[in-house]
Structures are given as structure tokens and as C-alpha cells.
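Visitor: need a structure here:
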Amino acid sequence: MKIGKVPETVLKRSVLNQIHTRRQEVLLGASVGEDCAAVAVAEDEMLVMSTDPITGTVQDIGDLAIQITINDLASAGAEPIGVMLTVLLPERISEQKMRYMMQQAEAACTKVHVQIMGGHTEVTKAVNQPLISVVGVGKAKKGKLISTAGAKPGMDIIITKWIGIEGTAILAKEKEEELLTHFTPTFLAQAKAFDQMLSVLPEASIAVQHGVSAMHDVTEGGIFGALWEMAEASGVGLEINLRKIPIRQETVEICEFFEINPYELISSGCMLMAAADGNTIVRELEKAGIAAVVAGKATEGNDRILYTDQEQRFLEPPKADELYKIV
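Guide: Here you go, the predicted structure:
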């Protein structure tokens, strides 16, 4: 199989279809497009959990490991509490690099008042670069959980910030020497700084207060993958105006340099939402200084359409992330 997410048909057939045991305390379980699970722990409260590995980059891996998991919890409307880390290290790793990764992780946790609660650290021949897998734990009140599957026909589809910002920052750092043959240091510094926009906690909090029905952090597979996953989880169609999908010029130019598709590039920091009144959420986000647009609608049926004034085409199931073609 190709590097990246397991194809949806394989995921359903060989993973999800093998899971049969159910418990009544589990309110949200394994499903296509869902990034979190939820477990009832009291009459009015639940634990929300998420897990993610960081495999596409080594630079800033400690920071990214925390950011991505916290974003998943935020997209479920949960308050993040803590994380557990499994850190797998190659034999050639130095203690200095290991310490630096953990300092990055702790700094990211400090920003959002989240505790590293434990985990496992091991040097192993099974990896050739550091790998961090994170389990995140949050809490939410009963009835306040937001899932990827909450979109209904007629709802507005909202996209926050810009697509591809995580992938752009990773490429600007990992491939700096190559990119400097074509771009100025100032241009690359701007692209690297996209890593300061990866948290979706602020927009998630605002959206929950103003009637959001579904949220999905745009990660591997980019905005095209996230749109498909929300539609698949919700059982709806889509009509999305390609011209309204927000993208930064730095992302456009770096993707052109590497001949990759920015719409299929890892995009943490960009949130996909569905709401009955998307314009109100966009206005509230803009008041907080967060860019957002209504890019289309959820529809009846299963047709997932991308269109411009000149043409339209159908959205395809998620593919391997474009980042893996380069790093």
C-alpha cells in the first residue's frame, strides 16, 4: 500500500468491519472521518480522546505532536486536559535531540494548559527517524459533543484560515536549501512562520458558542480529504466553490515549485465546519481576527461537487498526502 492514510475501502473492509464489541459508555467510536472517541463518565460529562502519530516531519516534531492532538479534541468541542506520548527513537538519536523534542512538547502544552500525563519512550530498530504517537484526553458536557458527522443538507460549509499552512511550513523548513535556489530568504521566513497558526482552539471555541453542527481539523489529505470525510461521515453531498477555498500565495508558489496539489496537502490549523448559519460564525470569527469563509453547501444525496464559473467536477476519495511525495 502507498504511504499515508489507509484507503477508505481498505479501512472499512479490514479495520472497521473487524470491530464488533460495543459498550454503552462509548458515545462516539471508530468511524470514517471521526478523529475522536467519547466515553461517558458521569451523568452530565464525558471524556473525549484522540490519538495521532507524527510521521511526516522531524523538525518541530514535539510541537506538532501536541498541536495536532489538541486540534482533534478542539474539533470535537472538548476542553483538552492531558496527553500521553509514545516516543520511538532510532539508535543514532542523541540525548540532546531527545531533550529538545520534549522541551518542544512541554512548551506547546504550557500554551494551552495541558499536562503530559505519561507514556513510553524507547530506542528501537523499528524506526529510522523519531516518531511520536500521542493520545489526547479532554472533557465535554453531555450534549455538547461536536462530531465530523453533524453536517445536514442545506448547511453552510465553512473553512477557517487557509489550506496547506502546515504542509507549507514543513516544506519551508525541511527543504529550505532547495527552495532557496528559487525563493528569497524573506519569502521562506514567511512560509516557515505559518507554524504559528496551527492551533484551532480559538475558532473551535467560538464556533461552539454560535451554533456549529460539525467540525473537522484539516490534516492528512488536505481540504479535499477533509471535505470527503465530513460528507462521508454525515451522509451528505457537497457543492463547493473552488474559488472560495482560501489559500496563501506562499502555499501556491511552493506547491508549484514541487509540482504538488495544495488542495491535497496536510493542513492542520485550517478547520472545516458545517452550520445552519455559516455567515454568523464567519462574522464572529472575523471579530476575533480569524479569517474564515463560507465555501459551499451540504446537499441531499451523495454527489460531492467542486465547481468554478467555468466547470465542475466530482470530489474523489482521499489520496496519500502530497507531502509524502517530497519529504
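Visitor: where does Met1 land on pLDDT?
Guide: According to the prediction, Met1 has pLDDT 69.
Visitor: in the stretch 101-250 of the chain, which spans are helices?
Guide: Assigned by DSSP state H, counting those that start in this stretch, the helices in the stretch 101-250 of the chain fall at 165-174, 176-179, 185-192, 201-209, 222-234, 249-258.
Visitor: return the most buried member of the ones you listed.
Guide: Stretch with highest mean neighbour count among these: helix 165-174 (a mean of 26; mean count of other C-beta atoms under 10 Å). Where you see a C-beta, it was placed from the backbone N, CA and C, and this is true even at glycine.
Visitor: which residues sit against that helix?
Guide: With contact meaning C-beta atoms under 8 Å, 6 or more residues apart in numbering, helix 165-174 is reached by 56-60, 64, 179, 188, 191-195, 197-198, 219, 222, 248, 250-251, 254-255, 258, 262, 265-270, 321-323, 326-327.
Visitor: same check, this time on stretch 24-40
Guide: Residues outside stretch 24-40 that contact it (C-beta under 8 Å, 6+ apart): 8, 11-12, 15-16, 19, 22, 41, 46-50, 52, 72-73, 75-76, 78, 140, 142, 145, 147-149, 216-217, 219, 229-230, 232-233.
Visitor: can you give me the end-to-end distance of it?
Guide: End-to-end distance for stretch 24-40: 9 Å, by C-alpha to C-alpha, to the nearest Å.
Visitor: for stretch 305-318, same thing?
Guide: First-to-last residue span, stretch 305-318, C-alpha to C-alpha: 14 Å.
Visitor: do the same with stretch 306-316
Guide: Terminal residues of stretch 306-316 are spaced 10 Å apart (C-alpha to C-alpha).
Visitor: what's the answer for stretch 108-127, then?
Guide: End to end - C-alpha to C-alpha - stretch 108-127 spans 24 Å.
Visitor: what comes up buried for it?
Guide: For stretch 108-127, the neighbour count (16 or more other C-beta atoms under 10 Å) marks Ala108, Cys109, Val114, Ile116 as buried.
Visitor: before we move on, the earlier item: which of the helices of the stretch 101-250 of the chain sits closest to Pro153?
Guide: Pro153 sits nearest to helix 222-234 of all these, at 9.2 Å, using C-beta to C-beta.
Visitor: could you tell me the angle between the closest one and helix 165-174?
Guide: Interaxial angle, helix 222-234 versus helix 165-174 (axes from the mean of the first three to the mean of the last three C-alpha atoms, to 10 degrees): 140 degrees.
Visitor: did I read that right, His20 in a strand?
Guide: No: counting by DSSP: H, G, I helix; E, B strand; the rest coil, His20 is not part of a strand but coil.
Visitor: pipe the buried residues of stretch 108-127 into CSV and attach distance to Glu166 and pLDDT per row.
Guide: Formatted as CSV, those follow (distance: C-beta to C-beta, whole Å; pLDDT from 0 to 100):
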residue, distance to Glu166, pLDDT
Ala108, 14, 93
Cys109, 19, 93
Val114, 19, 92
Ile116, 22, 91
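Visitor: relative to Ile281, which of the residues you listed is nearest.
Guide: Using C-beta to C-beta, the buried residues of stretch 108-127 come closest to Ile281 at Val114, 25.2 Å.
Visitor: measure the closest residue to that closest one other than its chain neighbours to Leu198 for me?
Guide: Nearest non-adjacent residue to Val114, counting by C-beta to C-beta, 6 or more residues apart in numbering: Pro80, 4.9 Å away. From Pro80 over to Leu198 the distance is 14 Å, taken as C-beta to C-beta, to the nearest Å.
Visitor: swap in Gly138?
Guide: For Gly138, the distance to Leu198 equals 17 Å [C-beta to C-beta].
Visitor: same question, Arg304
Guide: From Arg304 to Leu198 the distance is 27 Å (C-beta to C-beta).
Visitor: and the residue nearest to Val114, how many neighbours does it have?
Guide: Neighbour count of Pro80, defined by other C-beta atoms under 10 Å: 24.
Visitor: number the residues from 157 up from this point.
Guide: Got it, the first residue is 157 from now on, which makes the last one we talked about Pro236.
Visitor: what bridges to it?
Guide: Gly294 (DSSP bridges).
Visitor: mind listing what it touches?
Guide: Counting by C-beta under 8 Å, 6+ apart, Pro236 touches Ile226, Leu229, Ala230, Val268, Val270, Gly292, Val293, Gly294, Leu357.
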